[in-house]
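Q: I would like to see how this sequence folds:
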Amino acid sequence: MSTDAPYRGTFTPNITEAAYLDQVTHHLQQLPTYLAGATAQGTVVALDIDGTIVNAGQQFSPRFRDVTKRLVAAGVQLCIATGRSIPATLPVVRGLGLESAWVVSTNGAVIGHFQLGAGYRMTQKHTFDAREIVAKLQAVFPEALFGVEDSPGGFRTNRAFPAGELTEIIAVAPLEELLAQPVTRAVLRVPGLGIAEFRRALQAVNFAGVEHAIGLNTWLDLNPPGISKGTGIAEVCRELGTDPAHTVALGDGENDVAMLRFAGYGVAVGTQDPEVVRAAKDHTFEVERDGSAAVLEALARYFGA
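A: Now for the predicted structure:
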């Protein structure tokens, strides 16, 4: 079965038409303030994936798929901005039916462009030496699972991860071998530990010289210093010659904070996480209630698309 298969289906949002249209109207009223002077051709839309544009079943809503096509047809530059690796991201791009899209993956450490027919071309890669921070984390979590990303190929890990996680594992090897060369990302996973205990234990770790973000479950991403989805979107804007003020970003997690701060109109999707909400200019419904689709519908109407 194709790895793109989950992204071909759709889900039915749990929201009335009236409530959805109210949300569209709300965002449409905000856009003249945050995107003053922007044109469709001069706007970048950055989209997180998990919890932002796909539900737990890895499906889009029909409205979301429709409005992304209208925005692209109007000239808007669409950018997928995710913590996923390239192999885990491209099926989403293809599932949306996009002929062209920028891709900020690995939380900003890898930048590239997808073109239907030509495939994916990596334009920038940032790496770091993960040995010191992994040693610190090993002292706190001696039984932890570790992985490093070999962009754009996939992950190498020290042991098998829980079923369904890191499906793009390409090799299992000793930790010393994994860390022998600089990497775009290292990940830590501690199965069986509660998230509250996980967060408390991490408070004892000195993360100087490395970017980090807690993901779903007891998962930790480690990235090069100064690198984030925000810096990744900034690189895309430089490539395109786009004014950073004319960017829209949607996200729901800790790794979206820098991107939401960077964007001219950063919107937190569904989350009540205080740090994410503070970083955003606005808030929308969760993905199950078509929150992201409502923001993009407002943008399409703003540009007459």
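Q: Tell me the helices and strands packed up against the least confident helix or strand in the chain by mean pLDDT.
A: Lowest on mean pLDDT, DSSP states H and E among the helices and strands of the chain sits strand 169-172, with a mean of 83. For strand 169-172, the packing partners by 3 or more C-beta pairs under 8 Å, 6 or more residues apart in numbering; DSSP states H and E come out as strand 154-157. For every residue, glycine as well, the C-beta is placed using N, CA and C.
Q: Sheet partners, orientation included, of the strand it packs on?
A: Sheet pairing of strand 154-157 (DSSP bridges) gives strand 145-150 (antiparallel), strand 169-172 (parallel).
Q: And the contacts of it?
A: 85, 87, 145-150, 166, 168-173, 177-178, 187 (C-beta atoms under 8 Å, 6 or more residues apart in numbering).
Q: which of the residues you listed are buried?
A: Among the contacts of strand 154-157, those classed as buried by 16 or more other C-beta atoms under 10 Å are 85, 87, 145-150, 166, 168, 178, 187.
Q: ok, of those residues, which one's closest to Cys237?
A: Cys237 lies nearest to Ser85 out of these, by C-beta to C-beta, at 22.9 Å.
Q: My read is that the closest one contacts Thr167, right?
A: No - using C-beta atoms under 8 Å, Ser85 is not in contact with Thr167; the gap is 9.9 Å.
Q: Chain neighbours aside, what residue packs nearest to Gly51?
A: Asp252 (4.4 Å; C-beta to C-beta, 6 or more residues apart in numbering).
Q: Quick check: the one you found vs Ile111, distance?
A: 22 Å (C-beta to C-beta, to the nearest Å).
Q: the more surrounded of these two?
A: The residue with more neighbours, out of Asp252 and Ile111, is Asp252; 27 against 23, by other C-beta atoms under 10 Å.
Q: measure stretch 194-214 end to end?
A: 13 Å (C-alpha to C-alpha, to the nearest Å).
Q: how far is that stretch from where the chain is centred?
A: Here stretch 194-214 is found 20 Å from its chain centre; the criterion is C-alpha atoms, centre = their mean, to the nearest Å.
Q: Does Phe207 touch Ile133 like I think?
A: Yes - with contact defined as C-beta under 8 Å, Phe207 reaches Ile133; the gap is 6.9 Å.
Q: More neighbours: these two, which one.
A: Between Phe207 and Ile133, counted using other C-beta under 10 Å, the more crowded position is Ile133 (22 against 14).
Q: Could you find the closest non-adjacent residue to the more buried one?
A: Val210 (4.9 Å).
Q: ok, the one you found - contacts?
A: Contacts of Val210 by C-beta under 8 Å, 6+ apart are 128, 130, 133, 222-225.
Q: coming back round to it: can you name the residues in contact with the helix or strand just after the least confident helix or strand of the chain?
A: Sequence order places helix 175-178 as the next helix or strand after strand 169-172, per DSSP states H and E. The contact list for helix 175-178 (C-beta under 8 Å, 6+ apart) reads 134, 138, 146-148, 156-158.
Q: After helix 175-178, heading C-terminal, what element do we hit next?
A: strand 186-189.
Q: partners of that following strand in the sheet?
A: strand 145-150 (antiparallel), strand 219-223 (antiparallel).
Q: And it, how far out from the chain middle?
A: With C-alpha atoms, centre = their mean, you get 17 Å for strand 186-189.
Q: What is the subsequent helix or strand relative to that strand?
A: Following strand 186-189 toward the C-terminus (DSSP H and E): helix 195-202.
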